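> let me see the structure of the following:
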Amino acid sequence: MTGIGILSRNCAESITKVIKAVDEGLNTYFPRQEHLIVICDGFSEDNTVEIARATLTQAEKEVIPQKGKRGKGNGVKTIFQLFLKKKCERLALIDGDILSITPDWVKKLLYPLREGADMVIPYYIRHPFDGVITNNIAYPLTTCLYGKEIRQPIGGEFALSRRFIKRTLTHPLFPEDFGIDIFLTTTALAENFFVTESILGKKEHTSALLYNEPESCLFPMYYQVTRELFALYTYYEDKIKTVSEIKQVRRYGEISSEPTVSPLKIEREKWEEIFRQDYRKLYLSSSLQGTFSAQAKEIEKISGAGDTIYLPTSLWAKILFHALLDYNKSGYKKDILDILRVFWEARYISLLQEGERLTPAQMEKAILSQIDIFWKERQSIL
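Numbers count the residues shown, from 1 in each chain. Okay, the predicted model is just below:
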């Protein structure tokens with residue numbers, strides 16, 4: 001059986017398109033097979049569930065509530081347990097808020113599993129201001145810690161083999177929340193499962209429309225993803241110590257032309273205001289400033305006292321690696337994440353400034369160029 005798990009929460013505007021695209025993809029690219037589409041809802045407060053139930057499909061479809069409390073990880077676990085019970089051999093996960101999904105995403109995600117892949121990770125084209133956590137934390141750290149360049153380690157859309165799903169359900173660090181995406185990617189890389197990327201095209205999603213209200217979505221996601229990433233570092237520390245180079249994983253498909261993504265309007269002035277408030281509240285008032293004492297003089301230059309807030313990649317890499325190491329030795333883990341959040345905000349503001357003078361292609365090149373700097377920092381610290 002081929003299965004698709006769609007994770008939804010307050011996706012009334014996008015859920016029909018996602019279900020229809022998935023259904024068409026299954027019937028077009030996997031004909032004469034058993035199909036199951038499961039929409040697992042995470043306590044929506046709008047009419048997502050009613051719309052999902054009313055959407056007609058050729059494939060068998062179920063709309064179910066997730067088990068446990070609110071959190072994406074619990075939704076993923078609910079889907080995993082159901083599909084194992086249904087004897088599903090291959091499964092793709094898709095977020096219910098995707099606006100740019102097309103039926104061929106189903107093919108692109110699931111086909112590599114036929115060639116033995118255990119996990120297929122999406123390769124998207126995204127707006128340079130999207131991927132706030134991906135571009136600044138998840139992408140450079142995951143690549144440099146585990147030695148495999150994965151551009152979208154927390155992309156949201158994945159395809160997974162049965163044997164990999166079974167392993168994740170026995171893992172002690174399986175998270176309940178937004179940490180699930182980095183958990184899946186990291187576990188697959190660290191435990192030598194066969195991981196590939198598949199080019200899906202452009203990614204646009206409704207969550208990006210909330211970036212100017214980071215307190216509602218981005219900040220909780222930041223804490224959950226970073227906490228899980230840091231905990232996994234401790235769990236896989238022995239494996240990480242054996243990594244001596246960075247390799248590109250196999251990538252399926254080609255980018256025939258650069259797709260155009262919709263504009264993403266980010267209010268830089270609002271982010272600067274948030275940073276200055278957090279710098280005073282979370283950094284200057286913290287007893288853990290000493291964690292970053294080696295970078296104190298450099299940090300003062302980007303404190304926002306003047307008109308320009310700019311955090312260069314080299315300083316950001318130092319701060320992030322020191323936070324990673326100190327987090328796992330400290331009894332004040334939340335405080336370290338608070339301070340790190342301040343400089344993550346500054347790093348994002350820096351990219352917003354660069355984006356005002358660079359094209360999207362130039363911005364992508366700049367984001368990719370972080371890896372050399374992070375790798376050099378890793379070699380001097382770890």
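
> now the longest helix along the chain: average pLDDT?
Ranked by residue count, the top helix of the chain under DSSP state H comes out as helix 333-355. Across helix 333-355, the average pLDDT comes to 93.

> and that helix, what does it pack onto?
Counting contacts by 3 or more Cβ pairs under 8 Å, 6 or more residues apart in numbering; DSSP states H and E, helix 333-355 is packed against helix 218-235, helix 268-278, helix 313-327, helix 360-368. (Each C-beta comes from the backbone N, C-alpha and C, glycine too.)

> switch to 10 Å and redo it
When contacts are defined as 3 or more Cβ pairs under 10 Å, 6 or more residues apart in numbering; DSSP states H and E, helix 333-355 sits against helix 132-133, helix 218-235, helix 268-278, helix 296-301, helix 313-327, helix 360-368.

> now for the chain, the helix or strand with the poorest mean pLDDT.
The helix or strand of the chain with the lowest confidence, counting by mean pLDDT, DSSP states H and E, is helix 296-301 at a mean of 75.

> and that one, what's buried?
Neighbour-count burial for helix 296-301, with 16 or more other Cβ atoms under 10 Å as criterion, is recorded at residue 299.

> contacts for that helix next, please.
279, 283, 289-290, 292-293, 308-312, 314-315, 318-319, 342-343, 346 (Cβ atoms under 10 Å, 6 or more residues apart in numbering).

> export the helices and strands packed on helix 333-355 to TSV and tack on distance to residue 151?
As requested, those are exported to TSV (distance: least, Cβ to Cβ, whole Å):
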stretch	distance to residue 151
helix 132-133	13
helix 218-235	16
helix 268-278	24
helix 296-301	28
helix 313-327	17
helix 360-368	8
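
> which one of those helices has the poorest average confidence?
Of all these, helix 296-301 carries the lowest average pLDDT, namely a mean of 75.

> C-alpha coordinates for it, CSV please?
Extracted in CSV, the C-alpha atoms of helix 296-301 (Å, rounded to 0.1, in the frame of the first residue of the first chain):
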residue,chain,number,x,y,z
ALA,A,296,31.7,40.0,23.8
LYS,A,297,33.5,42.8,21.9
GLU,A,298,32.2,41.7,18.5
ILE,A,299,28.7,41.3,20.0
GLU,A,300,28.7,44.9,21.2
LYS,A,301,29.1,46.1,17.6
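
> report the buried members of the contacts of helix 296-301.
Using 16+ other Cβ under 10 Å as the burial test, these include 279, 283, 292, 309, 311, 315, 318-319, 342-343, 346 as buried.

> name the nearest of the residues you listed relative to residue 42.
For residue 42, the closest of the buried ones among the contacts of helix 296-301 turns out to be residue 342, at 29.5 Å, with distances computed as Cβ to Cβ.

> go ahead and confirm the closest one touches residue 288.
No: proximity of residue 342 to residue 288 does not meet the contact threshold set by Cβ atoms under 10 Å, at 11.6 Å.

> can you check what pLDDT the model gives residue 254?
What the model reports for residue 254 is a pLDDT of 84.

> same deal with the one 4 residues further on?
As predicted, residue 258 sits at a pLDDT of 64.

> for the nearest residue to residue 55 once chain neighbours are set aside, give me its contacts.
Residue nearest to residue 55 in three dimensions, not counting chain neighbours: residue 19, with 4.7 Å by Cβ to Cβ, 6 or more residues apart in numbering. In this structure, residue 19 makes contact with 4, 6, 8, 37, 39, 51-52, 55-57, 59, 61, 63, 94, 96, 101, judged by Cβ under 10 Å, 6+ apart.

> that's all I had, so thanks and see you.
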